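Student: Mind looking at a prediction? Sequence and model below.
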Amino acid sequence: MEDCLVAARAVHYASTMSIAGVFAFLCLVVDEEVRPRLAPHLLPIAWVSLGLAVSSGIAWLVVVSAQMSGETVAATLTRDVIGTVLTETRFGQVWIWRFVLAVTLTLLLLSPKRWRRRGWRWCGLVLAALLLASLAWAGHGAATPGTLGDLHLAADLLHLLAAGAWVGTLVPLALLLAETRSRGDPDAPAAVRRAVLRFSRLAATSVVILFGAGLVNTWFLAGSVPALIGTGYGHLLLAKIAIFLTMVVFGAVNLLRMTPRLTAAVGDRHRIGRAALGHLARNALIEFALGICALGIVAVLGILPPGRHTEPGWPLPFRFELATLHPAAVDALAIFTALAAFFAIGAVATAAAGRYRAMILAWAGAALCGAIGLVIVRPAIAPAYPTTFFTPAEPYAAPSVQKGARLYAENCALCHGAGGRGDGPAAAAMAIRPADLVAPRLATHTPGDLFWWVSHGKGNGAMPGFAGMLSAAERWDVINFVRARAAGVLLHGAGPDLAPAAAPVLPDFAFDSAGGQQTLTELEKSGPVLVVLFGPQPPASRVAQLAAGRRRLAGAGLQVIAIAPGAPAIAGPGTHPAFPLVAVSPAVAATLELFRAPADGDETDLLLDRAGNVRARWAASGAAAIPDIATLVAAAIRVAQFPAAAERHAGH
């Protein structure tokens with residue numbers, strides 16, 4: 001059934017673009033001198049395209065109705081399934097309006113002699129454009145919610161209209177060129193040149209719109225380089241981009257080399273003009289064939305989950321960790337990358353124009369910029385694995401961390417040690433020392449890297465793989481524990497100075513406050529959060545100080561969670577109901593203890609940004625004194641200005 005849906009979608013896209021292209025060609029490309037002899041050839045194309053659009057649209061509706069109902073196509077046709085889909089779903093309602101547009105276009109085409117009237121032609125163009133643009137409500141853009149969804153839908157609309165204006169007008173252009181060449185009129189090349197130049201301007205505008213809208217769609221549907229080159233959706237999208245670029249090259253040849261030859265009118269130069277007409281027609285048909293291939297890919301993409309929603313399998317043995325580069329090196333890399341792209345575009349343009357010496361110089365410039373870029377980026381090259389960019393299947397949260405702690409003790413502590421420093425009981429007898437799992441370099445690896453090692457082993461057999469012993473969820477639990485413990489150890493040396501870059505992340509956790517349950521992630525959405533970790537006996541004076549300054553802290557956008565593991569929540573008369581201690585589960589308390597050093601005393605304060613990154617740390621017995629309200633207000637205002645950096649995923 002999916003094959004039928006892909007075929008119906010492909011035919012429908014091609015036919016609706018063909019209708020729009022016919023009217024766009026009559027309105028925007030040809031003039032009164034050419035239109036009378038070309039219109040009789042274009043109207044049959046419009047009729048065939050409209051018939052294909054209606055029939056393929058009906059097939060699309062039937063298949064989608066069958067998929068929605070879970071019935072066979074035969075059952076869908078014999079029962080009232082299609083009627084329900086048309087009246088009860090947004091897809092069906094869009095299809096009703098599209099059929100109304102198709103019927104109106106049919107009535108318009110029934111009066112073909114009116115094509116001489118400007119109003120008839122422009123009315124047809126508007127109807128055909130609406131029929132084409134309405135396809136956006138049947139794609140991924142209509143499914144994206146909120147304001148971003150409006151942007152995605154607008155990009156889809158522009159993408160469809162630009163594709164119709166370019167791909168849809170290629171066959172009419174080829175017909176015009178072939179008809180002109182067959183007439184043998186010496187003045188014809190000069191007359192047709194005006195139409196070709198108008199088409200070139202229309203196509204160039206369409207290319208710019210397609211490029212911009214394509215970037216927006218790629219960001220929404222792929223979202224990252226791993227999703228682009230590591231998913232089936234991304235591979236098809238890259239194939240579509242390659243076809244688009246090839247079409248642009250053929251268009252550049254037509255514009256820069258063939259079109260100027262149309263000005264020849266007599267003698268040998270006239271023969272060159274006729275040859276140019278043939279080349280232009282051939283290239284236009286090649287562009288059209290490439291466009292049909294791209295539409296076939298679009299038809300497949302429409303039934304696949306976007307790459308952003310698919311786990312990417314990284315195909316390369318390396319990745320670029322640009323965060324390790326100096327900011328000046330990153331800026332230089334961006335400059336040389338832009339220059340390389342500029343030279344490459346120049347090389348294609350000069351090749352299309354037949355200026356081969358300039359092409360060689362341009363490619364040499366692109367190669368030089370590329371080589372310099374590789375030298376700059378070389379220190380940022382890091383090993384990568386197929387799972388490097390996997391998103392953890394288990395959330396980085398306290399319950400998963402505690403499950404991972406148990407699994408770590410049962411499967412990993414023998415070699416890596418209870419503290420994770422590679423000093424377990426079996427480590428002394430091993431030829432290769434187990435890795436130190438609390439070393440700062442652990443933060444340079446993605447969770448997907450760790451998942452690969454836990455699953456498949458590491459170090460030429462020094463560490464075995466656990467894919468056969470632990471489920472995928474259990475392996476993610478172990479990784480979450482390792483990450484949390486390493487983050488806690490790394491933070492033991494942190495102080496009150498605000499870290500402007502992404503810092504260790506505090507796991508998410510749930511807590512009870514004011515009779516309801518909240519999570520840290522929910523609280524972080526509204527701004528920075530101060531997590532106060534007390535010992536079993538929280539100092540009443542400190543609780544009173546935080547309660548008294550709560551209004552000032554809230555005014556600075558800072559919310560406070562105060563936790564005393566093992567102690568009951570403070571609430572009720574005689575305490576501080578305006579600032580209670582929140583209650584947490586034993587699993588949460590054990591997870592948060594990873595972020596308290598033995599020398600911290602009876603209080604540890606962690607200042608988090610909106611992504612859970614710990615930007616500052618204070619401890620009662622540390623070098624930095626516990627902050628007063630004024631210090632917290634100033635720090636909160638600064639942290640609120642930091643970009644809301646999510647946890648680091650190298651290469652994203």
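Tutor: Everything's here; your move. Numbering: from 1, shown residues only.

Student: Domain-wise, how is the chain divided?
Tutor: The chain breaks down by automatic domain parsing into domains covering 1-138, 318-383, 398-491, 510-640.

Student: Quick one: closest of these to I303.
Tutor: I303 lies closest to domain 1-138 among the domains of the chain, at 6.0 Å (CB to CB). (Glycine included, C-beta is placed from N, CA and C.)

Student: Pull up the distance across the closest one, start to finish.
Tutor: Start and end residues of domain 1-138 are separated by 18 Å (CA to CA, to the nearest Å).

Student: average pLDDT across that domain?
Tutor: If you average the pLDDT over domain 1-138, you get 88.

Student: Let's have the domains of the chain in JSON lines, adding mean neighbour count and distance to L215.
Tutor: Compiled in JSON lines, the domains of the chain are given as follows (neighbours: other CB atoms under 10 Å; distance: least, CB to CB, whole Å):
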{"stretch": "domain 1-138", "mean neighbour count": "18", "distance to L215": "17"}
{"stretch": "domain 318-383", "mean neighbour count": "15", "distance to L215": "14"}
{"stretch": "domain 398-491", "mean neighbour count": "18", "distance to L215": "25"}
{"stretch": "domain 510-640", "mean neighbour count": "18", "distance to L215": "25"}
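
Student: Out of these, which gets nearest to E311?
Tutor: With distances scored as CB to CB, the stretch of these nearest to E311 is domain 398-491 (9.3 Å).

Student: distance between that closest one and the chain's centre?
Tutor: When C-alpha coordinates are averaged (CA atoms, centre = their mean, to the nearest Å), domain 398-491 and its chain have centres 31 Å apart.

Student: and the end-to-end length of it?
Tutor: The distance separating the two terminal residues of domain 398-491, taken as CA to CA, comes to 17 Å.

Student: so where does the closest residue to M1 other than its chain neighbours fall, helix or strand?
Tutor: If you skip the residues right next to it in sequence, M1 has V63 as its closest partner in space, 6.0 Å away by CB to CB, 6 or more residues apart in numbering. Counting by DSSP states H and E, the secondary-structure element that holds V63 is helix 35-69.

Student: correct me, but F336 touches C369?
Tutor: Yes - checked against CB atoms under 8 Å, the pair F336 and C369 is within contact range at 4.6 Å.

Student: Return the residues in contact with the residue nearest the centre of the chain.
Tutor: The central residue of the chain, meaning the one whose C-alpha is nearest the mean C-alpha position (CA atoms, centre = their mean), is G223 at 1.4 Å. By CB atoms under 8 Å, 6 or more residues apart in numbering, the contact set of G223 is 306-308.

Student: Now render those as TSV, adding pLDDT, neighbour count and secondary structure.
Tutor: Formatted as TSV, the entries for the contacts of G223 read as follows, by pLDDT from 0 to 100; neighbours: other CB atoms under 10 Å; DSSP: H, G, I helix; E, B strand; the rest coil:
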residue	pLDDT	neighbour count	secondary structure
P306	86	20	coil
G307	84	26	helix
R308	82	19	helix
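
Student: Can you tell me which of the residues you listed comes closest to Y385?
Tutor: Taking CB to CB as the measure, Y385 lies nearest G307 of the contacts of G223, at 18.8 Å.

Student: Now do the strands in the protein.
Tutor: Remark: strands of the chain, listed N- to C-terminal, are 318-320, 381-383, 510-513, 516-519, 529-534, 559-563, 603-608, 614-619; assignment by DSSP state E.

Student: now A467, nearest residue through space, not along the chain?
Tutor: On the basis of CB to CB, 6+ apart, the spatially nearest residue to A467 that is not a chain neighbour turns out to be S455, at 4.3 Å.

Student: Who are the contact partners of the one you found?
Tutor: Remark: with contacts taken as CB under 8 Å, 6+ apart, S455 is in contact with 387, 465-467, 475.

Student: Can you check what pLDDT the model gives it?
Tutor: In the predicted model, S455 carries a pLDDT score of 94.

Student: What of V584?
Tutor: Looking at V584, its pLDDT stands at 88.

Student: thinking again about what came up before, let's see which of the contacts of S455 end up in helices.
Tutor: Using DSSP state H, the subset of these located in helices is R475.

Student: what's the distance between A252 and S200?
Tutor: Taking CB to CB, to the nearest Å as the criterion, A252 is separated from S200 by 10 Å.

Student: re earlier: can you put the domains of the chain in JSON lines and add distance to V300?
Tutor: Supplementary listing: those in JSON lines, determined by distance: least, CB to CB, whole Å:
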{"stretch": "domain 1-138", "distance to V300": "5"}
{"stretch": "domain 318-383", "distance to V300": "28"}
{"stretch": "domain 398-491", "distance to V300": "27"}
{"stretch": "domain 510-640", "distance to V300": "36"}
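
Student: closest one to L173 among these?
Tutor: For those, the distance to L173 is smallest for domain 1-138, at 7.1 Å, taking CB to CB.

Student: What residues sit buried inside stretch 210-223?
Tutor: Residues of stretch 210-223 classed as buried by neighbour count (16 or more other CB atoms under 10 Å): 210, 213-214, 216-218, 220-223.

Student: Dump those residues to CSV, plus distance to L450.
Tutor: As requested, the buried residues of stretch 210-223 are exported to CSV (distance: CB to CB, whole Å):
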residue, distance to L450
L210, 40
A213, 38
G214, 35
V216, 33
N217, 33
T218, 29
F220, 29
L221, 28
A222, 24
G223, 22
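
Student: Give me the subset of these lying in helices.
Tutor: Secondary structure of those is defined by DSSP H; positions in helices are 210, 213-214, 216-218, 220-221.
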